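Peer 1: Build the 3D model from these lines:
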Amino acid sequence: MSDAIKHRGLMLVLSSPSGAGKTTMTRRLLNADSNVVMSISATTRQKRPNEVDGKDYIFVTPEKFKEMRDAGDFLEHATVFGNQYGTPKAAVEEALDSGRDVLFDIDWQGANQLRQHADGDLVSVFILPPSKKDLASRLTTRAEDTAEVVAQRMAKANDEISHWHEYDYVIINDDIQHAMGELGEILRVERRRRSRQPGLADFVSKLTGEK
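Peer 2: Numbers count the residues shown, from 1 in each chain. Next up, the predicted model:
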């Protein structure tokens, strides 16, 4: 994309059942593309040992979360496994205006809310595992959750997968390299949309006025 033409960033939503590879794909995309920034959600969930406040999540109390929600500070918010998550909108809008793409790691509930408030900026991708057996194996081997939580995630997987048709694109993650290639293609095409290049009007006006 020409640097001479002003463009607006897009909101790239990645959703999947837990264990389908969404987190891995998110990290790889952020490492590979400097124009993509991660949307940092506020959450009432307890911080895990390897997480950094303000980088992985903005960890807040339930009272603070309610205060932010009531003030209209969130683009979307949802309750997942008893914890609340919300996307602060000010930082997202600033990034989009500067031409940067904002990556969202949210579920179908959050994606639906974003469609209602920012549909023109949204590109949604649902990631599917190659099989239920593979999904269960990934959840068990990553050893981040207790057996009880793994069972809860597997029980919820069918409900999450049932929303696949609500998304613009679907990627079956049976090979991470291939899946990343598909994601890259989606991003390249969506960046070229005329609606995301507001500077084209000025460019064409100058072009047609040239002698």
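Peer 1: any idea how far Tyr167 is from Ser124?
Peer 2: As judged by CB to CB, to the nearest Å, Tyr167 and Ser124 stand 4 Å apart. All C-beta atoms are positioned from the backbone trio N, CA, C, and that covers glycine.
Peer 1: Hmm, I typed the wrong one, I wanted Lys89.
Peer 2: 17 Å.
Peer 1: Who has more neighbours out of the two?
Peer 2: Comparing Lys89 with Ser124 by other CB atoms under 10 Å, the one with more neighbours is Ser124, at 22 against 16.
Peer 1: tell me the SS of the more buried one?
Peer 2: strand (DSSP: H, G, I helix; E, B strand; the rest coil).
Peer 1: tell me the contacts of it?
Peer 2: By CB atoms under 8 Å, 6 or more residues apart in numbering, the contact list for Ser124 reads Val13, Ser15, Ala111, Arg115, Glu166, Tyr167, Asp168, Tyr169.
Peer 1: Among those, which ones are in helices?
Peer 2: Judged by DSSP state H, the contacts of Ser124 include Ala111, Arg115 as members of helices.
Peer 1: TSV for the contacts of Ser124, including neighbour count and pLDDT?
Peer 2: Output for those, formatted as TSV (neighbours: other CB atoms under 10 Å; pLDDT from 0 to 100):
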residue	neighbour count	pLDDT
Val13	25	97
Ser15	23	95
Ala111	24	92
Arg115	15	91
Glu166	13	96
Tyr167	18	97
Asp168	13	97
Tyr169	15	98
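Peer 1: got the contact list for stretch 200-211?
Peer 2: If you take CB under 8 Å, 6+ apart as the criterion, stretch 200-211 is touched by Ala4, Ile5, Lys6, Arg194.
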